[in-house]
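Student: What follows is a predicted protein model with its sequence.
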Amino acid sequence: MILVTGASGTVGKAVLKEVARSGAKHKAMYRSADEAAKAPTGTSAVIADFAKKDTLAAALCDVESVYLVCSPVPDLVQLERHHD
């Protein structure tokens, strides 16, 4: 299972489109239900936020690979490390 983060952004959306087209089992991570509702057909959407560590475990369930994209924010490194 591939998880595409940043799926509502320009690059993440393009990556998600190609992953979905490939037929690989995948899901996309969004920060809101409104954005998740825009997920491509055949894509499982998960709602999670790097700033909310308790939301990440469910997003990572059954995931083997991650396309990791996070907005450029001052605490970027700390947010992207919220995985344990």
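Tutor: Yep, that arrived.

Student: any chance you could map the helices in this protein?
Tutor: In the chain, the helices defined using DSSP state H lie at 10-22, 33-36, 56-60, 76-80.

Student: Can you check which of those helices gets nearest to residue 47?
Tutor: Checking the helices of the chain against residue 47 by Cβ to Cβ gives helix 33-36 as the closest, at 5.5 Å. Quick note: C-beta positions are derived from backbone N, CA and C, even for glycine.

Student: ok, and what's touching the closest one?
Tutor: 7-8, 28, 30, 45-47 (Cβ atoms under 8 Å, 6 or more residues apart in numbering).

Student: so which of the helices of the chain gets nearest residue 1?
Tutor: helix 56-60 (9.5 Å).

Student: buried residues in the closest one?
Tutor: Neighbour-count burial for helix 56-60, counted by 16 or more other Cβ atoms under 10 Å, picks out 56, 59-60.

Student: same check, this time on stretch 50-67
Tutor: For stretch 50-67, by 16+ other Cβ under 10 Å, it's 50, 55-56, 59-60, 67.

Student: For stretch 39-48, give the mean pLDDT please.
Tutor: Stretch 39-48 carries an average pLDDT of 91.

Student: Pull out the buried residues from it.
Tutor: 39, 43, 45-48.

Student: How about residues contacting that stretch?
Tutor: 3, 7, 16-17, 20, 26-33, 36-37, 55-56, 58-59.

Student: Can you select the buried ones from those in ChimeraX?
Tutor: Applying 16+ other Cβ under 10 Å to these leaves a buried subset, and the ChimeraX line that selects it is:
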select :3,7,16,20,26,27,28,29,30,31,36,55,56,59
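
Student: would you list the buried residues of stretch 39-48 in JSON lines and tack on distance to residue 12?
Tutor: Supplementary listing: the buried residues of stretch 39-48 in JSON lines, determined by distance: Cβ to Cβ, whole Å:
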{"residue": "39", "distance to residue 12": "11"}
{"residue": "43", "distance to residue 12": "12"}
{"residue": "45", "distance to residue 12": "13"}
{"residue": "46", "distance to residue 12": "13"}
{"residue": "47", "distance to residue 12": "15"}
{"residue": "48", "distance to residue 12": "13"}
